[in-house]
Structure formats: structure tokens, C-alpha cells
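Visitor: using only what follows, build the 3D model:
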Amino acid sequence: MNRLLIIAVFLLAFQSCAYNAAVDIAPAYDVYSSYEEEIPGSWALFIDSSEFELDEFKFDGFNCSAHTFPLDISSSFSTSAIRTVQNIVENMQLVDRPLTVQQLQAQRISGMIVLRGEEVDVELKVNPGFWSSDADAEVEIALSIVVTGTEGRLFGTTVSEDGDGEAPLGSFCSGGALALGEATTDAMENVLERMAERLSNASRLRDQVVF
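Guide: Numbering: from 1, shown residues only. Below you'll find the predicted structure:
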């Protein structure tokens, strides 16, 4: 009986497990701007976070390679992006599809801001120690920004930022989820801060006619 129990524990230790990485809502509020006031006018916001939906990542190398770490930041990103844009424009309304120039004119909206998630790049590794090991994560998030006004394109660019996270590796490599979640939250806040800075300092947005 004891022998069977030992075998069962041994098999469990090498069984593949999935640990979901939790990502916090992290809007960017501390935004550098050359202007004291918000971007004037009413702005529509459309967010496409489909590229940020569920994906699975693994540790680099042999250590903990049997385990996977599912990551879905679509909801956290959308909420964080909404709060970030609300912080830099005078008035904002969320829309479920991009508005045309004609719709902007008809609804007296200064412009259409479109944020699209482009890519999440993850590096997850084990840092071995003498007594214990740590999980180390580096995450880079890329985001495209397009702004259309009542007379056409006002602004367009792509920004990317990274973030770091570290946690004790723990039993069965579960610390990888903690490190990955921390790094992703950090990267998300950083890329939203960069996005907000680009928009807030774009003179063409501020020169747009406010109805």
C-alpha cells in the first residue's frame, strides 16, 4: 500500500498543471503632458482587445516545462484603457464599433479613438537558487492607436512597453502564474501610460474643432 502511495505521489509531481495568471486592472493616471487641461471636446472610444484573449505560456528550458500558464488580459485591458482615456479627454463615450466621419459630424463628436491590442510577448524562466528558486517573467505588450476626426485621420501610431515580475517558484511551479500576472499588469500600465502621453501631447487632437 505504501509503495502504491509513493508511486502515486511521484506521478502527481510530474503531472502537467495549468495555473491561470491573474492580471489586475491598472489604468495609467500619472501621465506626462505639456498641457494642463484635458483634450477638449467629446471623443468616442472603441477598443479591440481580441488579440489579448486567452493564450497559454510555458517556462523557457526544461525546468517546469510540463506546466502551462493561461493568460487572458482582454477584460483587464479594456477596463484599464477606458479609465485611462477618461483621464485625458474632456468627455468620452464608449462605442461598440468605430464611427465613420459622417457619424462623428452628425453626432457632434470631435473624434474617434481606436485602440487595438497587437501582441503580448512573454518570457518566463526559472532562476535557480541554493535553497529555493524563483519564477521570473518579462512581458511586452504592443498597442496600436488610430484617431479620426470630423475631416479624416488625425493621429496614428503603435506603442509597446514591457513589465517585470518575480515570485517564489513554489510547489509544482505555481509561482510562475504570480510572476506572469505581476509582469503583465506592469506592462499593461506602462503601455497605457505611453498611449496616454502620445494622445495628450498630440496638438492635432487639441486643434480639432469642438462643437
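Visitor: center of this protein - which residue?
Guide: The chain has M188 as the residue nearest its centroid, 3.6 Å off, counting by Cα atoms, centre = their mean.
Visitor: now it. Nearest residue, chain neighbours left out?
Guide: Using Cβ to Cβ, 6 or more residues apart in numbering and skipping the chain neighbours, the partner closest in space to M188 is A26 (5.3 Å). C-beta here means a position set from N, CA and C on the backbone, and glycine is covered the same way.
Visitor: so what does the residue nearest to the centre of the chain look like in phi/psi?
Guide: phi -70, psi -40 (degrees, to the nearest 10).
Visitor: that one and A142 touch, don't they?
Guide: No - taking contacts as Cβ atoms under 8 Å, M188 lies outside contact range of A142: 11.4 Å.
Visitor: quick check: neighbours shared by those two?
Guide: Here M188 and A142 share no contacting residue, scored by Cβ atoms under 8 Å, 6 or more residues apart in numbering.
Visitor: helices along the chain, start to end?
Guide: 2-13, 74-88, 101-106, 175-200, 203-206 (DSSP state H).
Visitor: which of those sits most buried?
Guide: helix 175-200 (a mean of 24; mean count of other Cβ atoms under 10 Å).
Visitor: circling back to that earlier point, okay, now the residue nearest to M188: neighbour count?
Guide: Counted with other Cβ atoms under 10 Å, the neighbours of A26 add up to 22.
Visitor: tell me how far it lies from V191.
Guide: Counting by Cβ to Cβ, to the nearest Å, the separation of A26 from V191 is 10 Å.
Visitor: equivalent analysis for E151, please.
Guide: E151 is 29 Å from V191, where distance means Cβ to Cβ.
Visitor: F155 is in contact with S144, correct?
Guide: No - the pair S144 / F155 is not scored as a contact, 11.2 Å apart, by Cβ under 8 Å.
Visitor: now tabulate the helices of the chain in a markdown table and tack on distance to V120 and mean pLDDT.
Guide: Output for those, formatted as a markdown table (distance: least, Cβ to Cβ, whole Å; pLDDT from 0 to 100):
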| stretch | distance to V120 | mean pLDDT |
| --- | --- | --- |
| helix 2-13 | 30 | 44 |
| helix 74-88 | 10 | 98 |
| helix 101-106 | 31 | 95 |
| helix 175-200 | 7 | 98 |
| helix 203-206 | 27 | 94 |
